[in-house]
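1. The sequence and its predicted three-dimensional model are supplied below.
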Protein chains: 2
Amino acid sequence: MAVQIDIFQILADPTRRGIVEVLGKGERQVNEIVEQAGVHQSGVSRHLRILLQTGFVTMRPVGQRRFYSLRPERFRELDDWLAQYRSLWDARLDRFGAALEKRQKTRKTKPEEHGRK
Amino acid sequence: MAVQIDIFQILADPTRRGIVEVLGKGERQVNEIVEQAGVHQSGVSRHLRILLQTGFVTMRPVGQRRFYSLRPERFRELDDWLAQYRSLWDARLDRFGAALEKRQKTRKTKPEEHGRK
DNA sequence: CATGTATATACACTATCGATCATATAACGG
DNA sequence: CCGTTATATGATCGATAGTGTATATACATG
C-alpha cells in the first residue's frame, strides 16, 4: 500500500478532484460522494481506492459504511513542490529569486552527447 | 491560443514537469532542454507548444533559436487552488479551518438528481 | 434466513496521450 | 545558392486510464 504515484497524476483527473473538493468540506461516506461526483458508484469507489492508496485520504469503516476524509501529507508535498517556483510571482521571495537568477547566470554550457537511440 | 486546460493535466506528465524544472533555473533554448529531457527533440517541441498554449511559458525568438521561460500565472493559480486545503496542515490557518468545520457540520442532505447520461 | 443496502472489484470497451519517425520550415554560414 | 542547424508538425502506434455493467462481499434488519 501507499503507492507512491505522482501527485499531479492523481489530481489530473477532474472527477477525482471533484471528490477531493467534496471531502474538503469534511468527512463523507461513499454514497454522499457519488451524489456529487457525476459518475457511477463503481467509478467513485475506484477513485477512492486510488486516493486511499496514494495517501490523499483515510477511511473509517462504520458498519457497512465507509467514511472518507482528506489527509494533509500529499497536499503539503504539493506545496513544497510549488515553493520552488513561488519566487516567480511572490515579491517577498525576491532574495531567493536572486539566488536562482545568479545560478542561472552561472550555469555552464555542458555539451554532453545526446545521441541516445 | 491560451487553451485553458487543467493545470494538473499539464503538470501530470513527468517529461513536461522535467522541462518546467529546467526552466525553473532560467530561460533556455530548445536544444538545451532536449539535452535534459530524455525524449526526442520533436517530443520536447510538442511539450513546449502545450506549455506555451496553456500559459506556463513564454517564447522569445532570436534568429532561428527560440528561448522559453516560465510565466507565473498558472503557478499562482495552482497556489490558489492549494490554498483552500492549506488549513489541513497549516496550524496558522486554524481559524479558517474552524470555519470549514462548522460548515461541514451545518451541511444539509441535498438530494439532487445525478442521472446524467 | 431472506432481502435490502453500502461498497468494492473483475471485465470489456474506448478514448486520450505521449513517443518516435519522417518531413517541413526557416534562419545561418560559407 | 547550398548544406547545416534549430525547431515545428503530421502520421502512426502502443500504452494507459477512466467508464459502465455486472457481480461479489459484507453488514443490516425484519
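-> Received it, and whenever you're ready, just let me know what you need.

2. can the helix or strand hosting A:Val22 be found next to DNA strand C?
-> Using DSSP states H and E, the element containing A:Val22 is helix A:14-24. No. Residues of helix A:14-24 contacting DNA strand C under Cβ under 7 Å from any atom of the strand: none, with a closest distance of 11.1 Å. Every C-beta, even on glycine, is put in place using the N, C-alpha and C of the backbone.

3. Parallel or antiparallel, which strands does the helix or strand following that helix pair with?
-> Downstream of helix A:14-24, the first helix or strand assigned by DSSP H and E is strand A:28-29. Under the criterion DSSP bridges, strand A:28-29 sits next to strand A:65-70 (antiparallel) in its sheet.

4. returning to what we had before: so which elements touch the helix holding A:Val22?
-> Packing contacts for helix A:14-24, counted by 3 or more Cβ pairs under 8 Å, 6 or more residues apart in numbering or on different chains; DSSP states H and E, involve helix A:7-12, helix A:30-37, helix A:41-53, strand A:65-70.

5. Send me the helix or strand just after the third one as PDB with only the CA atoms.
-> The first helix or strand that comes after helix A:41-53 along the chain, using DSSP H and E, is strand A:57-62. Below are the C-alpha coordinates for strand A:57-62, written out as PDB (Å, rounded to 0.1, in the frame of the first residue of the first chain):
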ATOM      1  CA  VAL A  57      -7.500  10.200   2.100                       C
ATOM      2  CA  THR A  58      -8.100   8.000   5.100                       C
ATOM      3  CA  MET A  59     -11.000   5.600   5.500                       C
ATOM      4  CA  ARG A  60     -13.000   4.900   8.600                       C
ATOM      5  CA  PRO A  61     -15.400   2.000   8.400                       C
ATOM      6  CA  VAL A  62     -18.600   2.100  10.400                       C
END
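
6. Could you list the paired strands of strand A:57-62 along with their orientation?
-> Counting by DSSP bridges, strand A:57-62 is paired with strand A:65-70 (antiparallel).

7. do the partner strand and DNA strand C meet?
-> Yes. Residues of strand A:65-70 are located near DNA strand C by Cβ under 7 Å from any atom of the strand, namely A:65-66.

8. Give me the contact list for that strand.
-> Strand A:65-70 is contacted from outside by A:20, A:23-24, A:26-31, A:33, A:48, A:51-52, A:56-61, B:85, B:88, using Cβ atoms under 8 Å, 6 or more residues apart in numbering or on different chains.

9. Got the domain ranges for chain A?
-> Split into domains by automatic domain parsing, chain A comes to A:7-71, A:74-106.

10. Can you check which of those gets nearest to DNA strand D?
-> domain A:7-71 (2.9 Å; Cβ to the nearest atom of the strand).

11. and that closest one, what's its mean pLDDT?
-> Across domain A:7-71, pLDDT averages out at 97.

12. So what would you say the end-to-end distance of that domain is?
-> Terminal residues of domain A:7-71 lie 13 Å apart, using Cα to Cα, to the nearest Å.
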